[in-house]
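In: show me how the following folds:
(one chain, ligands or ions: 2)
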Amino acid sequence: MLTIAVSKGRIYEEALPLLAEAGIVPIDDPKTCRKLILQTTRDDVQLVIIRATDVPTFVEYGAADLGIAGKDVLLEHGAEGLYEPLDLGIACCRLMTATRKNAPPITGRVRVATKFVKIAERYFASLGIQAEIIKLYGSMELAPLVGLADCIVDLVDTGNTLKANDMEPRDLIMNISSRLVVNKAAMKMKNAAIAELLAQFERTLAKRV
Ligand code: PRT
Ligand code: MG
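Out: Ligands and ions are numbered 1, 2, ... in the order given. Here you go, the predicted model:
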């Protein structure tokens with residue numbers, strides 16, 4: 001049995017066609033059913049539906065053999081305990097700094113609100129900017145509006161969320177997409193099944209370009 005960890009929402013939606021090409025179609029819809037373990041049309045594959053930030057943890061500990069997670073989540077988690085063999089090119093967005101509209105350029109010490117503490121620390125250190133990082137769990141856009149921070153580090157897709165809050169994107173930290181991750185022991189113990197699945201995903205992705 002292969003267990004694949006996926007988060008509900010955009011990653012799940014965009015992973016479905018990829019999984020379907022490998023013959024993996026969930027029997028239940030996680031939007032309407034409360035099951036956390038989904039059986040699929042393949043007897044040898046099941047999905048576990050978890051929070052996006054928990055995917056690396058499940059895979060690292062072998063609770064799932066494989067997982068699909070954003071590069072943002074993997075960088076923040078630290079992916080030393082995992083293999084990351086494939087960029088799936090789904091759930092794409094940009095990790096950016098953003099400020100209030102027309103805010104002065106960042107100089108000297110800066111207060112940054114983000115849920116990506118490690119990434120933000122590394123980024124500002126690489127620029128030689130002294131940053132005080134304030135960890136938030138959501139609604140980052142609010143922080144500069146209420147004087148909690150000068151700037152945020154967050155994911156941007158259309159930019160509509162920033163615009164709606166009188167903010168604007170500043171610098172691109174990196175482009176983000178979702179990756180397939182594999183438990184290191186499973187890669188050895190279940191090599192045939194995992195290699196076959198990887199090859200199928202690669203064929204599907206090759207057709208997309
Ligand atoms: O929502 P939950 O708290 O359960 O967890 P999560 O936010 O980590 O999960 P989810 O499903 O929202 O995101 C999972 C993954 O999708 C992320 O780790 C990213 O790799 C990827 N992804 C792609 C995004 C976006 N695009 C995105 N736009 N994740 C979040 N957003 C948010 C962003 O944080 C901001 O609030 O959407 C808003 C910006 O969108 P625009 O279109 O207004 O710019
Ligand atoms: Mg979210």
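
In: give me the nearest residue to whatever residue of the chain ends up closest to ligand 1, chain neighbours excluded.
Out: When distances are taken as C-beta to the nearest ligand atom, the chain reaches nearest to ligand 1 at Gly70, 2.1 Å away. C-beta here means a position set from N, CA and C on the backbone, and glycine is covered the same way. Take Gly70 and drop its neighbours on the chain: the residue closest to it by C-beta to C-beta, 6 or more residues apart in numbering is Ser178, 5.3 Å away.

In: residues contacting the one you found?
Out: By C-beta atoms under 8 Å, 6 or more residues apart in numbering, the contact set of Ser178 is Ile11, Glu14, Ala15, Ile68, Ala69, Gly70, Lys71, Leu88, Gly89, Ile90, Ala91.

In: out of the residues you listed, which are buried?
Out: Among the contacts of Ser178, those buried by neighbour count (16 or more other C-beta atoms under 10 Å) are Ile11, Glu14, Ala15, Ile68, Ala69, Gly70, Lys71, Leu88, Ile90, Ala91.

In: so which of these are in strands?
Out: Among these, the ones falling in strands (DSSP state E) are Ile68, Ala69, Gly70.

In: helix, strand or coil for the closest residue to the second one other than its chain neighbours?
Out: So that's Ala69. Nearest non-adjacent residue to Ala69, counting by C-beta to C-beta, 6+ apart: Val55, 4.1 Å away. With DSSP: H, G, I helix; E, B strand; the rest coil as the basis, the three-state label of Val55 is helix.
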